[in-house]
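Asks: When you get a sec, could you give me coordinates for this:
(chains A and B)
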Amino acid sequence: MNRHLISAADLSFDDAIAILDTAEELARLAERPIPKLPTLRGRTVVNLFYEDSTRTRISFEAAAKRLSADVINFSAKGSSVAKGESLKDTALTLQAMGADAVVIRHGSSGAPHRLARWVRGSVVNAGDGTHEHPTQALLDAFTMRRRLGRLDGLRVTIVGDILHSRVARSNVWLLRTLGAQVTLVAPPTLLPVAVDGWPCTVSYDFSSVLPDSDVVMMLRVQHERMSDAYFPSVREYSRRYGLDGDRMALLPDHAIVMHPGPMNRGVEIAADVADSARSTIVEQVTNGVSVRMAVLYLLLSGSRGPDEPALASEGDLVPAGERARSAAAAEAGR
Amino acid sequence: MSVASGPGTSRSDLRREQGRWLIRGARPLGGSPADILIEGGRIVAVTESGRDGGDGQAVRDGRDGRDGRDGGDGRDLDPGGQLTVLEAGHLIVLPGLVDLHTHLREPGREDAETVASGTAAAALGGYTAVHAMANTDPVADTAGVVEQVWRLGRQAGHCDVRPVGAVTAGLRGSQLAELGAMADSAARVRVFSDDGQCVSDATLMRRALEYVKAFDGVVAQHAQEPRLTAGAQLNEGVMSARLGLAGWPAVAEEAIIARDCLLAAHVGSAMHVCHVSTAGSVEIIRWAKSKGWRVTAEVTPHHLLLTDELAAGYDPVFKVNPPLRTAADVAALRAGLADGTIDCVATDHAPHPAESKETEWAQASFGMTGLETALRVVHEAMVSTGLLGWSGVADRMSVRPAAIGRIGALAGGPDATRHGCPIAPGSPANLVLYDPEPITPVDPAAQASRSHNTPFAGMKLPGQVIATFLRGTPTVLDGRLTG
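Replies: Numbering: from 1, shown residues only, chains lettered A, B, ... in the order given. I've put the predicted structure just below:
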């Protein structure tokens, strides 16, 4: 596995499966009386958040703490250059404090790439601008695999503002790697002009793709897109691209409905759909902690000192490398 | 290159002396070797090497006759050993380069560049004249500011500085600047541009084109439809989609170029298109020229060599306006430059301090330095590929930009201020000597520009500028500034 997790496109099949398998083992930990491992004791994880995102920050914080890492939350809202310290100077500061991992959420695409040039520790992308949000895609894949038992050949329909969605980008690359078939549904204004080159199909007709979908992932639509003339009105958007009860009825019985949150109930997703048995929305939040634990574990356990215990010595887990190899072998043998 | 000084002339005496020079064995426009005699700031004789047995005899006795001088009066052209001989056996000699598009940043952003540092960079790149863009602080939209920039250029002495005047007051795009006052000033402004901003208002653009006809001016348009590029970061296409950077569509450039070609035709005026970057723009300009309309265009060295794929690591050193485009665009730009649809190469040298580039992509400034690498990049992109010979390079980097800037061989104004003239007797001795042989990596730290935002850092490029002469005075010798 790479030193950083910046883009889902960088993950090999083995890397991705290793993360999902590790997350599966760590999820079981949550069922124990004291859901905490000493694995990352003495390691420092910094949550560097340039955008408000309480749910993502808390998820990473919980993940790091369950692995006994020290967590520093650094909220730096607003443009780094316009409002004071530059990202580079912040990075050098964190470096001087000995951050082993920096989890960064930033409004500018590519900020984690820049950060990775300036710090020695691992960089985890917790969402950068309109680029990627790889741990969201990993927790989505984890949730699909748990619910439906497989990823290979799974038909996943992603609906909404693809152009500006980091969740959609990360999911397209990761699901391609994992063998799923992705269909994007959006008004043409909210698709990249070069979407033809992406490993997925595109449809403008939401209802027509639903009978052939195992997963429907609804994306949040921002109200400000309306003022930029991406669509005429929220109501029209909702009618053409929202998931209501009638549309949900077109899905196969086993299909699930996902949403990365936060939801606009009544816009892209009707309340009765969000609260239905098909909805995995709350589950996704739970799974997010396990997946982020797995990411931190796999990124940081490689950097441990020689005297420190490996996670495997706790008796719960096999070493990451070995697990990756056995996962690859299992895949090859399918 | 070796410099053999006459008796009693120390090397330091050569600095900035408008002496008598014999450049021996250099190849004008890459052709057969010649000896070039410079005196009084002009070329006085050009003689084929070998005709004189290699000892410069033909030059000395004026047998050639091409120099138009009376060499038969026995007058010694080497009195008192003041003639300096420059052995230039393997060097190509071109007319001094002319840049139509340079940001010197002074006044206002002297931390990024000054007139002195920027023109030093220009001289090292082989330039003898640069056109200084108007987007300074204060904006060059009055006679006072353009005269200040012009005077700073004269003081520095590295190359001629031709200020570009703003089209609209404060580059605000709402009201014409005092174009006539700038044209009549000591700076004799002929090129007007709001570069950095597009003159997007069609009526204002029409009026500007009409107005400059009174003094043979040209409006240089930065073609960028602002409503199609709000927040734009990178060429809209495969890379912008993948990187999640706001797309900068080719049509935002092409729509303005098409409109302005039609406007220029309608009012019968001269319009120059800055930094053409798309294949579609080349097609539109080719069509406009086929109509006989007075449209000219430039392309930057970086758009001839680099593509948007370089943005993959989000390093803002590759962030530029207009953005780097695709390989297909690069091919079309090269073809357009080769067939003359695009008249010239202009650097759009845009220095920025380190902190403007060591940031997130979206926060970083647009722009790249280019003066010190332009000739080498054109060598790589156009000559090494067989698209252009050295006479073509001279045409696209000196003759045509000088003509567009109204300082060419046929321009009005003082004879001595002309550039892009033939390497022939009578021409002002504006020359660059270029060694095409070495292939070396670009080292930003070794450059004279105050800023180091070159996208070519570390890239191996052919060639080296050895010497630059401005009206007979060497500004660069042995690849180093003389003053």
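Asks: Pull out the buried residues from stretch A:205-224.
Replies: Using 16 or more other Cβ atoms under 10 Å in any protein chain shown as the test for burial, stretch A:205-224 gives A:206, A:209-210, A:213-222. (C-beta placed from N, C-alpha, C; glycine too.)
Asks: Repeat that for stretch B:223-241.
Replies: Within stretch B:223-241, the residues scored as buried using 16+ other Cβ under 10 Å are B:223-225, B:228-229, B:232-241.
Asks: thinking again about what came up before, pick out the most distant pair among the buried residues of stretch A:205-224.
Replies: A:D214 and A:Q222 (27.3 Å; Cβ to Cβ).
Asks: what helix or strand does A:N73 sit in?
Replies: strand A:70-75 (DSSP states H and E).
Asks: Show me what whichever helix or strand comes after that strand packs onto, helices and strands only.
Replies: Sequence order places helix A:87-96 as the next helix or strand after strand A:70-75, per DSSP H and E. Using 3 or more Cβ pairs under 8 Å, 6 or more residues apart in numbering or on different chains; DSSP states H and E as the contact test, the elements touching helix A:87-96 are strand A:44-49, strand A:101-106, helix A:111-118.
Asks: Out of these, the one nearest chain B is which?
Replies: Judged by Cβ to the nearest Cβ, the one of the helices and strands packed on helix A:87-96 that comes nearest to chain B is helix A:111-118, at 4.4 Å.
Asks: All the strands of the stretch 101-250 of chain A, residue numbers only.
Replies: Taking DSSP state E, counting those that start in this stretch as the test, the strands found in the stretch 101-250 of chain A are A:101-106, A:122-128, A:155-159, A:181-185, A:201-203, A:215-218.
Asks: Pick out the residue nearest the middle of chain B.
Replies: Central residue of chain B (Cα atoms, centre = their mean): B:D99, 1.7 Å from the mean position.
Asks: distance of the most centrally placed residue in chain A from A:T56?
Replies: Centroid check for chain A by Cα atoms, centre = their mean gives A:Q136 as the closest residue, at 1.1 Å. Distance from A:Q136 to A:T56, counting by Cβ to Cβ, to the nearest Å: 8 Å.
Asks: Kindly point out which residues are neighbours of both of the two.
Replies: Counting by Cβ atoms under 8 Å, 6 or more residues apart in numbering or on different chains, the common neighbours of A:Q136 and A:T56 are A:127, A:288.
Asks: Around chain A, which positions in the stretch 251-400 of chain B sit nearby?
Replies: Contacts of the stretch 251-400 of chain B with chain A, taken as Cβ under 8 Å from any Cβ of the partner chain, map to B:313-315, B:355, B:358-363.
Asks: Now with 7 Å, please.
Replies: Applying Cβ under 7 Å from any Cβ of the partner chain, we find that the stretch 251-400 of chain B lies next to chain A at B:313-314, B:355, B:358-363.
Asks: Return the member of these nearest to chain A.
Replies: B:Y314 (2.9 Å).
Asks: From A:S290, how far out is the residue nearest to that closest one when sequence neighbours are not counted?
Replies: With Cβ to Cβ, 6 or more residues apart in numbering or on different chains as the criterion, B:Y314 has its nearest non-adjacent residue at 2.9 Å, and that residue is A:G110. Here A:G110 is placed at a distance of 28 Å from A:S290 (Cβ to Cβ).
Asks: Same check on B:G405?
Replies: Here B:G405 is placed at a distance of 66 Å from A:S290 (Cβ to Cβ).
Asks: hmm, back to that, which of the buried residues of stretch A:205-224 come close to chain B?
Replies: Among these, none lies close to chain B by the criterion of Cβ under 7 Å from any Cβ.
Asks: Would you mark the buried spots in the strand holding A:N73?
Replies: Applying a neighbour-count criterion of 16+ other Cβ under 10 Å, the buried positions in strand A:70-75 are A:70-72, A:74.
Asks: Using CSV, write down the CA coordinates of it.
Replies: Extracted C-alpha coordinates of strand A:70-75, given in CSV (Å, rounded to 0.1, in the frame of the first residue of the first chain):
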residue,chain,number,x,y,z
ASP,A,70,-3.2,10.7,19.9
VAL,A,71,-5.6,13.0,18.0
ILE,A,72,-5.1,16.7,17.3
ASN,A,73,-8.0,18.5,15.7
PHE,A,74,-6.9,21.5,13.7
SER,A,75,-9.7,23.5,12.2
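Asks: what about it, distance to the chain center?
Replies: Strand A:70-75 sits 20 Å away from the centroid of its parent chain (Cα atoms, centre = their mean, to the nearest Å).
Asks: in its sheet, what does that strand sit against?
Replies: In the sheet containing strand A:70-75, its partner strands are strand A:44-49 (parallel), by DSSP bridges.
Asks: which residues touch the strand it pairs with?
Replies: Under the contact criterion Cβ atoms under 7 Å, 6 or more residues apart in numbering or on different chains, strand A:44-49 has outside partners A:57, A:60-61, A:64, A:69-76, A:94, A:98-105, A:296.
Asks: how about 6 Å then?
Replies: The contact list for strand A:44-49, computed with Cβ atoms under 6 Å, 6 or more residues apart in numbering or on different chains, reads A:57, A:60, A:64, A:69-75, A:94, A:98-105.
Asks: same question, stretch A:202-212
Replies: Outside stretch A:202-212, the residues that touch it by Cβ under 6 Å, 6+ apart are A:155, A:157, A:183-185, A:195, A:241, A:247, A:250-251.
Asks: where's B:H303 relative to chain A, distance?
Replies: 20 Å (Cβ to the nearest Cβ, to the nearest Å).
Asks: Good, wrapping up.
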